[in-house]
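In: here's a sequence, model it:
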Amino acid sequence: MWGCVRLSRLISLGAALAFAGAVTTTEAGADPAPRRVVSINLCTDQLAMLLAAPGQLVSVSDLAADPHSSAMAEAARGYPVNQGRAEEVYLLAPDLVVAGAYTDPATIGMLRRVGLRVEQFDTAKSLNDTRARIAQMARVLGREDEGTALIAEFDARLEALEAEAGNHPRAALYHPNGYTLGGGTLADDILRAAGFHNLAAELGHRGGGTLPLEQLVMAAPDLLISAAPLPGASRSEAVLGHPALDALRKGRAGLRITSPDWICGTPHVLNAVERLTDARRALPEGGQ
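Out: Next comes the predicted model:
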């Protein structure tokens, strides 16, 4: 019985949404700015929070408020959260849902089948991609002027940071389970913008993968960048306390980072560039 009632509610809501959408389009012309936006992806959460008009964004994903994942965790606490389930999103009555390229295809398909507009955003793999994601979010929200201003601010700050880049010491990203990021990644572009060569890319790695501990130690990067330990003492993090890495940090330089500024193609990536620039300046002899 409950299933029938719930289904009837969804059907009724779908009809109401379809009618409301038709009226809005007729009154305002083609492609009106959405009035109720729901984000179900960590990266679209942050882009939408940066660009949405007051009251336009009505819900963000639960990851948006996680300080271990989100660069805007504090701001996200001002929004209702969702777990990205299709029925839950539908009942929020959005006229736009923003999602990632790898958001559960079943969820995306279900939302589209019931008539909701869904815009998906590719993962940013470079700083240029970051500009493109900002512009895309501004377009779908009907906030092009705000997007142009945010990109101009991003470019000005990036130009100031890149202008300081001198010689190019070698840096290595080394995370739990020996995970690293090589060429063709946002992390690689962040390193290069801060004036570093990415050791993993130099060794032929593209995308994410494992870097053997022995290879890392023998390559002796000027800066070893590791993730800050998370609560829970995961065994995957044990390698980060290996004596060989401790010796490498003491003999060269080490930097512990948190990941939120590195994950998504948003202006917050420049916080990572800035911190790395400071680390490069602190290296003896410029790291060479």
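
In: the bottom helix or strand of the protein by mean pLDDT?
Out: The helix or strand of the chain with the lowest confidence, counting by mean pLDDT, DSSP states H and E, is helix 2-28 at a mean of 38.

In: so which elements touch the helix or strand just after it?
Out: Past helix 2-28, further along toward the C-terminus, the next helix or strand under DSSP states H and E is strand 37-39. For strand 37-39, the packing partners by 3 or more Cβ pairs under 8 Å, 6 or more residues apart in numbering; DSSP states H and E come out as helix 42-51, strand 57-61, strand 96-100. C-betas here are computed from N, CA, C, even on glycine.

In: one more time with 6 Å
Out: strand 57-61, strand 96-100 (3 or more Cβ pairs under 6 Å, 6 or more residues apart in numbering; DSSP states H and E).

In: format the ones you listed as a markdown table; extra columns: distance to residue 115 and mean neighbour count.
Out: Below are the helices and strands packed on strand 37-39 laid out as a markdown table (distance: least, Cβ to Cβ, whole Å; neighbours: other Cβ atoms under 10 Å):
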| stretch | distance to residue 115 | mean neighbour count |
| --- | --- | --- |
| strand 57-61 | 18 | 24 |
| strand 96-100 | 11 | 25 |
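
In: distance to residue 134 and mean pLDDT added to the ones you listed, as CSV?
Out: Listed next are the helices and strands packed on strand 37-39 as CSV, based on distance: least, Cβ to Cβ, whole Å; pLDDT from 0 to 100:
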stretch, distance to residue 134, mean pLDDT
strand 57-61, 15, 98
strand 96-100, 13, 98
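
In: gap between residue 271 and residue 237?
Out: To residue 237, residue 271 is 23 Å away according to Cβ to Cβ, to the nearest Å.

In: mind telling me what element residue 173 is part of?
Out: Using DSSP H and E, residue 173 falls within strand 170-174.

In: partners of that strand in the sheet?
Out: strand 197-198 (parallel), strand 223-227 (parallel) (DSSP bridges).

In: of the helices and strands packed on strand 37-39, which is nearest residue 214?
Out: Closest to residue 214 of the helices and strands packed on strand 37-39, according to Cβ to Cβ: strand 96-100, at 35.6 Å.

In: follow-up on the earlier one: got the buried residues for the strand holding residue 173?
Out: By neighbour count on 16 or more other Cβ atoms under 10 Å, the buried set for strand 170-174 is 170-174.

In: could you list the domains of this structure?
Out: With domains defined by automatic domain parsing, the chain comprises 6-121, 167-280.
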